[in-house]
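Asks: heads up, no residue letters with this:
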């Protein structure tokens with residue numbers, strides 16, 4: 001039996017006296033050691049087995065077996081046809097080392113430039129980002145100004161069996177902004193909430209819907225609604241929406 005040895009060496013390892021020694025060392029038999037005798041942890045006299053599967057093994061049809069054998073044959077043939085080259089990814093064995101270094105350096109510079117451009121775009125986007133939510137700070141001063149709920153709203157809550165601590169949502173449409181833009185209304189609303197004039201409120205602007213949503217507890221909803229219409233100069237009807245119940249009140 002003949003053995004063919006292909007020796008790859010680096011440019012600085014071209015000493016002719018050392019190359020045969022490297023080849024001989026590479027084809028030497030690997031040292032072996034005897035394996036210890038396997039001793040199972042369970043009784044192996046064959047009388048009983050400690051482990052027994054609960055279910056029977058799956059049954060494979062003859063057609064499925066043929067398909068698996070055909071696939072394994074094709075895969076094995078494909079693997080044998082490929083030639084293994086251990087120098088494929090080593091740069092020093094490339095035909096033109098200078099060109100390779102130039103390509104690597106160019107790729108690195110391009111990656112750095114692209115990352116810098118992405119960072120600049122993200123910073124610019126952050127500067128142009130408009131605030132889309134606002135939350136009030138809890139305070140006891142506003143509760144003194146809240147009047148009792150109207151009879152109409154009380155009847156509606158009683159009919160729906162709703163507690164006054166349910167959260168409601170006033171919807172400010174762009175159609176009731178009275179010649180003001182939605183952004184103008186949103187800026188004024190943020191000032192009101194920042195000065196803590198709306199109890200238990202948080203608000204969001206839905207620019208794609210042309211709406212502003214103001215959330216509050218139902219017990220404060222009439223006070224909040226009246227203040228919004230007066231301070232924001234809104235003209236038209238606002239609806240109070242409660243999750244799962246829809247519009248329960250309008251003003």
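Replies: That came in fine, so what should we check first? For clarity, every value in this text was computed on a predicted model and none was experimentally measured.
Asks: pLDDT score assigned to residue 190?
Replies: The per-residue pLDDT reported for residue 190 equals 88.
Asks: Neighbours of it, how many?
Replies: A count of nearby residues for residue 190, using other C-beta atoms under 10 Å, gives 15. C-beta: built from backbone N, CA, C; applies to glycine.
Asks: Can you tell me the element it falls in?
Replies: Assigned by DSSP states H and E, residue 190 belongs to helix 182-194.
Asks: could you pull out the helices for this structure?
Replies: Listed in chain order, the helices found in the chain under DSSP state H are 19-26, 62-81, 97-128, 151-160, 182-194, 221-231.
Asks: Next, the angle helix 221-231 makes with the fifth one.
Replies: When you say that, I think you mean helix 182-194. If you take axes from the mean of the first three to the mean of the last three C-alpha atoms, to 10 degrees, helix 182-194 sits at 120 degrees to helix 221-231.
Asks: Return the residues in contact with residue 210.
Replies: 173, 174, 182 (C-beta atoms under 8 Å, 6 or more residues apart in numbering).
Asks: mind checking which helix or strand of this protein has the lowest mean pLDDT?
Replies: Lowest mean confidence among the helices and strands of the chain (mean pLDDT, DSSP states H and E): helix 97-128, at a mean of 55.
Asks: Just the buried residues out of the contacts of residue 210, in ChimeraX syntax.
Replies: Only the buried entries of those go into this ChimeraX selection, using 16 or more other C-beta atoms under 10 Å:
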select :173,182
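Asks: Flag the least confident of the contacts of residue 210.
Replies: Out of the contacts of residue 210, that is residue 174, at 85.
Asks: Identify the spatial nearest neighbour of it, chain neighbours not counted.
Replies: Among residues not flanking residue 174 along the chain, residue 210 sits closest, at 4.2 Å (C-beta to C-beta, 6 or more residues apart in numbering).
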